[in-house]
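Colleague: heads up, no residue letters with this:
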């Protein structure tokens, strides 16, 4: 079996930080950093809209990742592929949950939790707060994964960070 | 049953469907996972996804061959 191309997301995070790109890690990978051992097949990044040219140039030109979108693509969601790995870039200024809660990038950024890990130089990433994670889980009709994620988030919000492992 | 069908909620089935042994295993797994820092957690999650993709491809290959 052929090995999959080398891709290390934490290293990519450090590289984005070195370029000053302002983004939030959202979706299931953010849930992983909230402590849930869940499985995810892609990476969801909510990117400050003003960073679009910079992040697309970095990923598509400098890193050579693939995308059906070009550098000037104006769509709010762009998927980028690094071998088997998929990065979904969201450039929305704001979102609204199915139950009518509005959330904009700036508020989510402001209340986000910054995760730092000194084992990898330059690694720091912001993930939405628990409350904002819960809103973001309600943007679409929920599937089985979303339901489990929501259960975890609500349990963590109710019982605190370490109660899950009691 | 495909690997994804076996684990619609990630690598776990619905929490409501777990028996006592599975709940204990889940707690041990979670305690193990929480020992790691952020970078390792992301790498563990990536390796799990890689394994699941390989299992899915192998399953698809067997189904085509069959």
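Modeller: Now that the structure is in, tell me what you want to look at. All figures in this text were calculated on a predicted structure; none of them were measured in a lab.
Colleague: State the helix or strand in which residue 45 lies.
Modeller: Using chain A here. Per DSSP states H and E, residue A:45 falls inside strand A:42-47.
Colleague: meant chain B, my bad for not saying
Modeller: Counting by DSSP H and E, residue B:45 is part of helix B:38-65.
Colleague: ok now that helix, how far from the chain's centre?
Modeller: Centroid displacement of helix B:38-65 relative to its chain, using Cα atoms, centre = their mean, to the nearest Å, is 9 Å.
Colleague: buried sites along that helix?
Modeller: Across helix B:38-65, burial judged by 16 or more other Cβ atoms under 10 Å in any protein chain shown covers B:38, B:39, B:41, B:42, B:43, B:45, B:46, B:48, B:49, B:50, B:52. Placement of C-beta: from N, CA and C, glycine included.
Colleague: my read is residue A:81 is in a strand, agree?
Modeller: Yes - under DSSP: H, G, I helix; E, B strand; the rest coil, residue A:81 sits within a strand.
Colleague: Please point out which parts of the helix or strand just after the strand holding residue A:45 sit buried.
Modeller: Per DSSP H and E, the first helix or strand lying C-terminal to strand A:42-47 is helix A:52-56. By 16+ other Cβ under 10 Å, the buried positions in helix A:52-56 come out as A:52, A:54, A:55, A:56.
Colleague: how about a markdown table for the residues you listed, with pLDDT added?
Modeller: Below are the buried residues of helix A:52-56 laid out as a markdown table (pLDDT from 0 to 100):
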| residue | pLDDT |
| --- | --- |
| A:52 | 95 |
| A:54 | 94 |
| A:55 | 96 |
| A:56 | 96 |
